[in-house]
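J.: requesting a structural model of the entry that follows:
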Amino acid sequence: MNHATAADGTRIRYDVHGSGEPLLLIHGQSLDHTMWEGVYADLAERHRVILMDMRGSGGSDVPLDRPYSMELLAHDALAVLDAESVERAHVYGFSMGGKIAQTLASIAPDRVGALVLGATAPGGSNEVERPHHASIALRKANTEEGRGLIAHLFYSPSWADANPETVSRIVPRNPLRAQRRHYEASMKHDGWDLLPRIQAPTLVVHGEDDELTPVANAELLAQRIPNARLLVLPGARHGYLHEAVPKATDAVRDFLAQHPLSGLNGDTGQGSS
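T.: Numbers count the residues shown, from 1 in each chain. Predicted structure coming up:
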């Protein structure tokens, strides 16, 4: 376990696995780095995978004296890269982590190699809203009923029932006030004007049957980000990264291989430490 220190002194927990070009994984709202179990080990076969807990989650500090924002969380991600002396990394953001990744790629384009946006949306008035029953499930996420509803929005019921350990990692477990900070940051985010400024080669990945973040959002992202590629996985829900293994992971690995850091301004992504 390692910790980076953000500009305001917040300690951000992270782990490193594997070797190769660095790949930063950013988890979803009210989750932590454990949501990448079953995925990160395969990615670490080719990459130096950096798993972080955003502030308010996992082993990171939980400051509650100020609102959170996508820009604040993106700067926390930069602090992790700085702590590892990584000049440039590929970035894979899931759900709200995808909004952080969009922001990171737009405010610090020289730090991002290839970008993968999973099950995410642009935010603001252009975001396609989830159906009412999915919003109700999110509001009940910290109750026993809500956890069951969330499980079947993340995964098809048969898959969720057959994989209880994976389900246990995608239900909120962070302090409730921190969860609210994450939720408020996501609801206030509007990345519409940021998206055309993204220079990184971008892969947008989404489950076709996602109701937590409807798939129409993936289409918007792919249209708005220059030269972005779209992969929609039939039959998959919000948690496509687990339910659609190995197809989803293979697609990400192949995309990153097509856009090596060495081909982007000659930068290998490795620091001088």
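
J.: quick one, what contacts residue 91?
T.: By Cβ atoms under 8 Å, 6 or more residues apart in numbering, the contact list for residue 91 reads 23-24, 26, 77, 101, 104-105, 112-116, 200. The C-beta positions use only the backbone N, C-alpha and C, and glycine is treated the same way.

J.: one more pass at 10 Å, please.
T.: Shown in contact with residue 91 (Cβ atoms under 10 Å, 6 or more residues apart in numbering): 22-26, 50, 74, 77, 81, 97-98, 100-102, 104-105, 108, 111-117, 200, 202.

J.: what's the answer for residue 236, then?
T.: By Cβ under 10 Å, 6+ apart, the residues touching residue 236 are 119, 155-156, 159, 205-210, 215, 242-244, 247-248.

J.: quick one: it from residue 65, how far?
T.: 39 Å (Cβ to Cβ, to the nearest Å).

J.: repeat that for residue 24.
T.: Look at residue 24 and residue 65: by Cβ to Cβ, they are 26 Å apart.

J.: looking at these two, which is more packed in?
T.: Ranked by neighbour count (other Cβ atoms under 10 Å), residue 24 and residue 65 place residue 24 first, with 28 against 5.

J.: tally of neighbours for residue 99?
T.: 28.

J.: assign it to helix, strand or coil.
T.: helix (DSSP: H, G, I helix; E, B strand; the rest coil).

J.: contacts only, for it.
T.: Contacts for residue 99 (Cβ under 10 Å, 6+ apart) come out as 26, 28-29, 70, 73-74, 93, 117, 120-123, 127, 185-186, 189-191, 194.

J.: count of neighbours near the residue lying closest to residue 159 once chain neighbours are set aside?
T.: Among residues not flanking residue 159 along the chain, residue 243 sits closest, at 5.1 Å (Cβ to Cβ, 6 or more residues apart in numbering). Residues within reach of residue 243, counting by other Cβ under 10 Å, total 22.

J.: so what pLDDT did residue 243 get?
T.: Confidence at residue 243, expressed as pLDDT, is 96.

J.: quick one: it and residue 166 touch, right?
T.: Yes: here residue 243 reaches residue 166: they are 8.8 Å apart, a contact under Cβ atoms under 10 Å.

J.: give me the common contacts of the two.
T.: 154, 155, 159, 160.

J.: OK, contacts around residue 150?
T.: Applying Cβ under 10 Å, 6+ apart, the residues near residue 150 are 134, 137-138, 140-142, 160, 167, 170-172, 212, 238-239.

J.: the same query, at a cut-off of 8 Å, please.
T.: Residue 150 sits in contact with 137, 138, 141, 170, 171, where contact means Cβ under 8 Å, 6+ apart.

J.: try residue 56
T.: Contacts of residue 56 by Cβ under 8 Å, 6+ apart are 62, 63, 68, 174, 175, 178, 179, 181, 182.

J.: returning to what we had before: for residue 112, see how far away the residue nearest to residue 159 is.
T.: Counting by Cβ to Cβ, the gap from residue 243 to residue 112 is 27 Å.

J.: state the pLDDT value of residue 149.
T.: pLDDT recorded at residue 149 is 89.

J.: nearest spatial neighbour of it, skipping sequence neighbours?
T.: Nearest to residue 149 is residue 137, by Cβ to Cβ, 6+ apart, at 3.7 Å.

J.: and the nearest residue to residue 17 once chain neighbours are set aside, its phi and psi?
T.: Spatially, and ignoring its direct neighbours in sequence, residue 17 is nearest to residue 44 (4.3 Å; Cβ to Cβ, 6+ apart). Geometry field for residue 44 lists phi and psi as phi -70, psi -10, criterion degrees, to the nearest 10.

J.: alright, calling it a day.
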